[in-house]
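>>> Below are the sequence and a predicted model for it; my questions follow.
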Amino acid sequence: MSKVSAIICITLIASMAIQPSEAGVGHWIAGAALGVTAIAFAPAALGFGALGIASGSTAAGMMSASAIANGGGVLTGGVVATLQSVGVAGASYSTYAAAAAAGGAAVDYFTN
């Protein structure tokens, strides 16, 4: 099974894990897709990539602010380090599942 197929399966399962209202099933599916898409593309859009942080990007600004706030270094496990890790290696299946569930719940909540 390819990673894309697995992500789609996880998205559908996670989006239905919490019992949505009958009218909200479409909202849950749309929200789940939005959550997974955000996890997949947001780091790259901010400038966190496989070759490192892009010069002049939002990611570069975040890294600079983090380094200044922490005395010259970026915290291990902090937001910048985590987003760079996702930019290089991608997110785990459990992260995609959580994003799908959160996206589904958020869209259903704000549309009802």
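Thanks, I have the structure now.

>>> Run through who's touching stretch 59-77.
The contact list for stretch 59-77 (CB atoms under 8 Å, 6 or more residues apart in numbering) reads 43, 46-48, 53-54, 78-81, 83-84, 87. Every C-beta, even on glycine, is put in place using the N, C-alpha and C of the backbone.

>>> If you count neighbours, what's buried in that stretch?
Burial within stretch 59-77, assessed by neighbour count using 16 or more other CB atoms under 10 Å, is assigned to 59-60, 62-63, 66, 74.

>>> Most neighbours out of the contacts of stretch 59-77, which is it?
Highest neighbour count within the contacts of stretch 59-77: residue 48, with 25 neighbours (other CB atoms under 10 Å).

>>> In this structure that one contacts residue 79, no?
No - proximity of residue 48 to residue 79 does not meet the contact threshold set by CB atoms under 8 Å, at 10.5 Å.

>>> List of residues touching stretch 78-89?
Counting contacts by CB under 8 Å, 6+ apart, the residues touching stretch 78-89 from outside are 39, 43-44, 46, 48-50, 52-53, 59, 62-63, 66, 74-75, 95.

>>> let's go with 10 Å and repeat that
Surrounding stretch 78-89, the residues in contact under the criterion CB atoms under 10 Å, 6 or more residues apart in numbering are 39-40, 42-44, 46-54, 59-60, 62-67, 69-70, 74-77, 91-92, 95.

>>> Which ones among those map onto strands?
For the contacts of stretch 78-89, membership in strands holds for 48-49, 52-53, with DSSP state E as the criterion.

>>> Can you say which two of those residues are spatially most distant?
In those, the most distant members under the criterion CB to CB are 48 and 52, with 8.5 Å between them.

>>> how much space between the most centrally placed residue in the chain and residue 112?
Among the residues of the chain, the smallest C-alpha distance to the mean C-alpha position (CA atoms, centre = their mean) belongs to residue 39, namely 2.3 Å. Here the criterion is CB to CB, to the nearest Å. By it, residue 39 lies 24 Å from residue 112.

>>> Equivalent analysis for residue 57, please.
Taking CB to CB as the measure, residue 57 falls 37 Å from residue 112.
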